[in-house]
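> predicted coordinates and the sequence they were generated for:
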Amino acid sequence: MTNDLGKMLKQRRVAIPVTLRELGAASGVSLSYLGRIERGDRFPSARTLLKIARPLGFSEGELFTLANYLPPQPEGVEKPGGGQLDPYVARVLSEEPVEVQRALVTILTMLKSVRGNSNIGFREYIHRKYPQVDEDVITMIEDMLEHPE
């Protein structure tokens, strides 16, 4: 996956066209690190993806989907927020290791899906499905879902 993402980023950069030096200047990411990403030697963190998204002409959500931080949206389904990753979530995720970023995005995506498709309340659903989940965790997740900023 790392190599595929790197190849896609390089193809986009060359198609624009923009040099690695220009991309580095626009994003604040070092040339050597950008080169390693394009070669597939490194996998970019969420923070790096946020920095290079705009200069490469990607929306944050698009680039996060390509990097498998977000699941692909089915065709014809409008993404909430116009396909943009919530700025609060993006900022918090950018501070975490890649493994944590992927896990949190997956969990939040599942919780939003469950919450949106459930005929019962979120809290009740979680209590039924995951009785071992601490009440404070449920409250924190509810707060994050209701008040992202």
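Looks like it arrived, so ask away. Just so it is clear, the model here is predicted, and its values are computed rather than measured.

> does residue 23 touch residue 30 like I think?
No. The pair residue 23 / residue 30 is not scored as a contact, 10.5 Å apart, by C-beta atoms under 8 Å. Heads up, the C-betas are built off the backbone N, CA and C, glycines and all.

> who has more neighbours out of these two?
Legend: neighbour count by other C-beta atoms under 10 Å for residue 23 and residue 30, higher for residue 23 (21 against 11).

> which residues touch that one?
Residue 23 is in contact with 13, 29, 34, 52, 55-56, counting by C-beta atoms under 8 Å, 6 or more residues apart in numbering.

> what do you get if the cut-off is 6 Å, keeping everything else the same?
Applying C-beta atoms under 6 Å, 6 or more residues apart in numbering, we find residue 23 in contact with 13, 34, 55.

> domain assignment for this structure?
1-68, 86-149 (automatic domain parsing).

> deepest-packed of those domains, please.
Counting by mean count of other C-beta atoms under 10 Å, domain 1-68 has the highest mean neighbour count of the domains of the chain, with a mean of 17.

> can you add secondary structure, distance to residue 66 and pLDDT and give the contacts of residue 23 back as a markdown table?
Listed next are those as a markdown table, based on DSSP: H, G, I helix; E, B strand; the rest coil; distance: C-beta to C-beta, whole Å; pLDDT from 0 to 100:
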| residue | secondary structure | distance to residue 66 | pLDDT |
| --- | --- | --- | --- |
| 13 | helix | 14 | 90 |
| 34 | helix | 16 | 96 |
| 55 | coil | 15 | 93 |
